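>>> Build me a model from this:
(chains A, B, C and D)
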Number of protein chains: 2
Amino acid sequence: MTDRFTVQDIAKKAGVHSSTVSRALNPATRHRLTEEVASRIIAIADELGYVPNGLAASLRTRRSETIGVVLPDITNPVFPPILQGLEEALAADRYVAMVANAGADPERQRLVIERLLARQVDGLVLATATRHDPIIDHCLKAKVPLVVVNRGDVDHRVSSVISDDARGMRLAVDHLVELGHLRIGHIAGPQNLSTGTGRLQGFTSAMNGHGLEPPTEAISIATAFMREAGRAAALALLDRYSELTAVVAANDLLALGLYDALRERGLSCPGDVSVVGHNDMPFVDMVSPPLTTVRIRHREMGVQAARLLLQLVRGQAQGGVDVVLKPDLVVRESSSRPR
Amino acid sequence: MTDRFTVQDIAKKAGVHSSTVSRALNPATRHRLTEEVASRIIAIADELGYVPNGLAASLRTRRSETIGVVLPDITNPVFPPILQGLEEALAADRYVAMVANAGADPERQRLVIERLLARQVDGLVLATATRHDPIIDHCLKAKVPLVVVNRGDVDHRVSSVISDDARGMRLAVDHLVELGHLRIGHIAGPQNLSTGTGRLQGFTSAMNGHGLEPPTEAISIATAFMREAGRAAALALLDRYSELTAVVAANDLLALGLYDALRERGLSCPGDVSVVGHNDMPFVDMVSPPLTTVRIRHREMGVQAARLLLQLVRGQAQGGVDVVLKPDLVVRESSSRPR
DNA sequence: CTGAAAGCGCTTACAG
DNA sequence: CTGAAAGCGCTTACAG
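Numbers count the residues shown, from 1 in each chain, chains lettered A, B, ... in the order given. Modelled structure (predicted):
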């Protein structure tokens, strides 16, 4: 923020008033000026390399054209594509994203959101939402336009972009049942996240749809959507439900943790245990064996979230809208007929 | 940006002047007030849920406490850890990152940077820099504090945080030579990027250090640091230098493309060809075979970049400083003795 | 220790 | 079609 040129500088050079400069530089008001005056002003601005002070403009117009994005963990490979889609759709409307990695701690998340609000973001995208998140209440009270992405708000107080988890789990279970599996386990995600509960419910009802009733020991809940937590949950599962011939993991990271556990127990995949993941995150086609998984279009998720939010910001839409993306099954080599 | 409370509102409630409110709310000036007045003001601010307008403050103080981060492609797995480190170190100083995905097109990059400057970022982190990047001149002319990350500026006009590529390639080549390899190929990165040239030079001099002179056909230059470009460069390399027993790739994405090419040609790794990558990006320990690679501490890279930039912003340092990170070799299963 | 005033750089009703 | 004025919400020399 050094000594840049201002509308005043240009006004002086052009021999006009600063308000005229402002009108000339704004495409929407340019037509109200004499052609000659407008082009003279623009020429001078170009010559000086004038860069408008967006802060001053925002203070006056009360729009910052900035969106805050709150992530729990940017190194989780599902978020970069979401961010890519978000950023792309926002940029098309000259919006810019302020990205903050807030971790899983609600205290820290609240602080991060406070900072974004202090910077006058026009709206917020939360990828951190838990099922009944008090932070959502907080945002709602502050009347910030808000969209929740990847994870939904069970109370439907807010717009969200999520994947159809019931469908995703049905695809996974149908695939395994078609291959001949009957004793299928599930490594579930944390039950305070909608993706955790939604996929667990989806698993159970998909099993029921085939007349199968998974025993309680078939379900192992991981403490986090992370590889290490997946490994721990998988070890427990393998120990107490050793008859299983296949496992559906609530996401790919958990599936990779399951791979680790299988290796430790000397079990082969898919020989001893077939595995299906969820997300189709980058590079799971390269792991050994290449992972069969449910594909979610994360980039699209980001694009939709940006559109939803921009409509909210402009008052062109109401909150409480859910965009539900349709996932597909990608069959690779981690699933085969049971022994 | 709705009707929030302002210092005026608080001043009225407290029966003081707005400047007194400002002083009470700023920890650095609070001590100049009577204990009683200060705490009364703070209590009222808390009660109203007052959130200061950072835009107005920035306009006045000429510091936005915002840093612009320009990435070529956030879905490239090296960037999330860099971003994580950046964001973490910035947040510690109450700074926030505006992240823009600019792609590889210089025109678009320039536009993106212009937008960030218009929003009055206090500094810029560029992960997009080419070896002699005109955009760096542009930023220098605009006098924005600037740090280049991951890729260096060959002209040393600007501070950068990079990895010691000569050392990295030496580690890779030494490892292969120790295993008994003599005919080693190199899949190089684009030669307009410092990582492309630096690693190619590093490869050649490491080979020379062992009295080996790689023939011209041992080097294949990829058009981009991407898996598909790696595959294409690898196919060309395998065709024209079929005697090779090992390949060093300039990064892991290229190595994965090489894996694709080996599979297509019916060659095994490490049986027929040993492979060493560069970066140790997430999950290359899970691919088949687990990739031997040079580990760069990308998170640390982001942390250092943030520190360097913050010093620059505060005038506590000059530009033109290079922080060079020391990489290590991680031996996995893609490298073994030659047949 | 506190107040009153000025000003950061824009935009936009209001005149003419 | 253009100008003059006011104001967005802060902070900070300057008084007293």
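>>> where exactly do the helices run in the stretch 201-339 of chain A?
Ranges of helices in the stretch 201-339 of chain A, per DSSP state H, counting those that start in this stretch, are A:227-240, A:252-264, A:298-313.
>>> what do you get for the stretch 1-150 of chain A?
Secondary structure of the stretch 1-150 of chain A by DSSP H, counting those that start in this stretch: the helices cover A:7-14, A:18-25, A:35-48, A:54-61, A:79-92, A:106-118, A:134-141.
>>> re earlier: using TSV, please lay out the helices of the stretch 201-339 of chain A together with distance to residue B:254.
Every C-beta, even on glycine, is put in place using the N, C-alpha and C of the backbone. Formatted as TSV, these follow (distance: least, C-beta to C-beta, whole Å):
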stretch	distance to residue B:254
helix A:227-240	25
helix A:252-264	23
helix A:298-313	23
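>>> Reformat those helices as JSON lines; add mean neighbour count.
JSON lines is the format used below for these (neighbours: other C-beta atoms under 10 Å in any protein chain shown):
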{"stretch": "helix A:227-240", "mean neighbour count": "21"}
{"stretch": "helix A:252-264", "mean neighbour count": "24"}
{"stretch": "helix A:298-313", "mean neighbour count": "23"}
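>>> can you pull the pLDDT of residue A:157?
Looking at residue A:157, its pLDDT reads 85.
>>> Please apply the same query to residue A:1.
At residue A:1, pLDDT is 44.
>>> burial of residue A:171, as a residue count?
Residue A:171 sits with 23 neighbouring residues when counted by other C-beta atoms under 10 Å in any protein chain shown.
>>> rewinding a little: pick the most deeply packed of the helices of the stretch 1-150 of chain A.
Highest mean neighbour count of the helices of the stretch 1-150 of chain A: helix A:79-92, a mean of 23 (counted as mean count of other C-beta atoms under 10 Å in any protein chain shown).
>>> Show me what the helix or strand containing residue A:172 is packed up against.
Using DSSP states H and E, residue A:172 falls within helix A:165-179. Judged by 3 or more C-beta pairs under 8 Å, 6 or more residues apart in numbering or on different chains; DSSP states H and E, helix A:165-179 is in contact with strand A:184-188, helix A:194-209, strand A:246-249, strand A:274-279, strand A:292-295, strand A:328-330.
>>> Using CSV, list the CA coordinates for that helix.
Output in CSV follows, covering the C-alpha atoms of helix A:165-179 (Å, rounded to 0.1, in the frame of the first residue of the first chain):
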residue,chain,number,x,y,z
ASP,A,165,-24.5,-40.3,0.0
ALA,A,166,-27.4,-42.7,0.0
ARG,A,167,-26.9,-43.2,-3.7
GLY,A,168,-23.1,-43.4,-3.3
MET,A,169,-23.4,-46.2,-0.7
ARG,A,170,-26.0,-48.0,-2.8
LEU,A,171,-23.7,-48.0,-5.8
ALA,A,172,-20.9,-49.4,-3.6
VAL,A,173,-23.0,-52.1,-1.9
ASP,A,174,-24.8,-53.1,-5.1
HIS,A,175,-21.4,-53.6,-6.8
LEU,A,176,-20.1,-55.8,-4.0
VAL,A,177,-23.3,-57.8,-3.7
GLU,A,178,-23.3,-58.4,-7.5
LEU,A,179,-19.8,-59.8,-7.2
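>>> do you know which of the helices of the stretch 1-150 of chain A lies nearest residue B:221?
For the helices of the stretch 1-150 of chain A, distance to residue B:221 was read as C-beta to C-beta. The smallest value, 26.7 Å, belongs to helix A:79-92.
>>> so, in contact with chain B or not, that closest one?
Yes - Helix A:79-92 is in contact with chain B by C-beta under 8 Å from any C-beta of the partner chain, via A:79, A:80, A:81, A:83, A:84, A:87, A:88, A:91.
>>> Looks like residue A:285 contacts residue A:291 (just checking).
Yes - the pair residue A:285 / residue A:291 is scored as a contact, 7.3 Å apart, by C-beta atoms under 8 Å.
>>> more neighbours, these two?
Just comparing residue A:285 and residue A:291: by other C-beta under 10 Å the higher neighbour count belongs to residue A:291, 30 against 15.
>>> returning to that earlier point: what's the helix holding residue A:172 in contact with?
A:184, A:194-195, A:198-199, A:201-203, A:205-207, A:209-210, A:212, A:246, A:248, A:274, A:276, A:278, A:292, A:294, A:296, A:326-329, A:331, A:335-338 (C-beta atoms under 8 Å, 6 or more residues apart in numbering or on different chains).
>>> Just the buried residues of these.
The neighbour count (16 or more other C-beta atoms under 10 Å in any protein chain shown) marks A:184, A:194-195, A:198-199, A:202-203, A:206-207, A:210, A:212, A:246, A:248, A:274, A:276, A:278, A:292, A:294, A:296, A:327, A:329, A:335-336, A:338 as buried among the contacts of helix A:165-179.
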